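Colleague: Structure of the sequence below:
(2 chains)
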Amino acid sequence: EAGVAQSPRYKIIEKRQSVAFWCNPISGHATLYWYQQILGQGPKLLIQFQNNGVVDDSQLPKDRFSAERLKGVDSTLKIQPAKLEDSAVYLCASSLAGGGAGGREQFFGPGTRLTVL
Amino acid sequence: GENVEQHPSTLSVQEGDSAVIKCTYSDSASNYFPWYKQELGKRPQLIIDIRSNVGEKKDQRIAVTLNKTAKHFSLHITETQPEDSAVYFCAASTLAGKSTFGDGTTLTVKP
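Modeller: Below is the predicted model of the structure:
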């Protein structure tokens, strides 16, 4: 089966510019996650979708970050305007729905490495 | 919110030795505890997981133990090989599937 797809793989922008990332999850996976992974740290959850609804966005800096998952399939994450501290790898992951039984294995995409100059 | 602490941050062992990585979590509602391996420049991949109704799980050279009372869980790798060298992340997940990751352990297995 095809894995989680992300694009672009690399992006370099100037601070205060905007950037958007795209993710296509594994077919049939209802849950989609966006993580920010700063060098030397673990992935930090930004937002979790269940189909096209938001389950958790408590750690999303909403003044500059936004995400959507129209039609409950692929998703975009946007940063506007970017700051230097946004330099990180942005990982998208998907999983089957937990169905109330708790977490499930997450399948990660290759990530987008963002550098903000 | 959930807080996951992982120790040690770096671990170096000789090939054939065992490696142990420990994590503690704060939210007693967490019920799923996966471990991911991330090789340099690659995506994290699940290597083993455990649910809160189980105390131990083993898969060949890898095992995970969970102490719900103390809120800690550990990854054990026996007979380490150079290809085990990577960054290992623990995570704690709630019923809703929200996962909090530790900051990772860089394991180096010296031939």
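Colleague: CA atoms only: put the lowest-mean-pLDDT helix or strand in chain A into PDB for me.
Modeller: In chain A, no helix or strand scores lower on mean pLDDT, DSSP states H and E than strand A:53-56, which sits at a mean of 92. Only the C-alpha atoms of strand A:53-56 are listed here, as PDB (Å, rounded to 0.1, in the frame of the first residue of the first chain):
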ATOM      1  CA  GLY A  53     -13.000  17.600  12.100                       C
ATOM      2  CA  VAL A  54     -10.400  18.900  14.400                       C
ATOM      3  CA  VAL A  55      -9.800  16.700  17.500                       C
ATOM      4  CA  ASP A  56      -7.000  18.700  19.000                       C
END
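Colleague: now it: how far from the chain's centre is it?
Modeller: 13 Å (C-alpha atoms, centre = their mean, to the nearest Å).
Colleague: Quick check: closest non-adjacent residue to residue B:55.
Modeller: Nearest residue to residue B:55, sequence neighbours excluded (C-beta to C-beta, 6 or more residues apart in numbering or on different chains): residue B:66, at 5.8 Å. Placement of C-beta: from N, CA and C, glycine included.
Colleague: for that neighbour, helix, strand, or coil?
Modeller: Here residue B:66 is recorded as strand under DSSP: H, G, I helix; E, B strand; the rest coil.
Colleague: Also residue B:69?
Modeller: Relying on three-state DSSP, one would call residue B:69 coil.
Colleague: Just the pLDDT at it, thanks.
Modeller: Model confidence at residue B:69, given as pLDDT, is 92.
Colleague: again with the one 3 residues further on
Modeller: The confidence metric pLDDT takes the value 95 at residue B:72.
Colleague: Which helix or which strand is home to the residue lying closest to it once chain neighbours are set aside?
Modeller: Nearest non-adjacent residue to residue B:72, counting by C-beta to C-beta, 6+ apart: residue B:24, 4.5 Å away. Element membership of residue B:24 [criterion: DSSP states H and E] is strand B:19-25.
Colleague: What parts of chain B come near chain A?
Modeller: Neighbours of chain A within chain B, by C-beta under 8 Å from any C-beta of the partner chain: B:1, B:4, B:6, B:31-32, B:34, B:42-46, B:49, B:51-52, B:89, B:91, B:93-104.
Colleague: ok, back up a step: residues near the residue nearest to residue B:55, how many?
Modeller: As a burial measure, residue B:66 scores 20 neighbours (other C-beta atoms under 10 Å in any protein chain shown).
Colleague: can you check residue A:25 too?
Modeller: By the criterion of other C-beta under 10 Å, residue A:25 has 27 neighbours.
Colleague: and if you look at residue A:40?
Modeller: Here the number of neighbours of residue A:40 (other C-beta under 10 Å) works out to 10.
Colleague: quick one: is the least confident helix or strand of chain A near chain B?
Modeller: Yes: judged by C-beta under 8 Å from any C-beta, strand A:53-56 comes into contact with chain B at A:55, A:56.
Colleague: Show me what that strand is packed against.
Modeller: Applying 3 or more C-beta pairs under 8 Å, 6 or more residues apart in numbering or on different chains; DSSP states H and E, we find strand A:53-56 packed against strand A:44-50.
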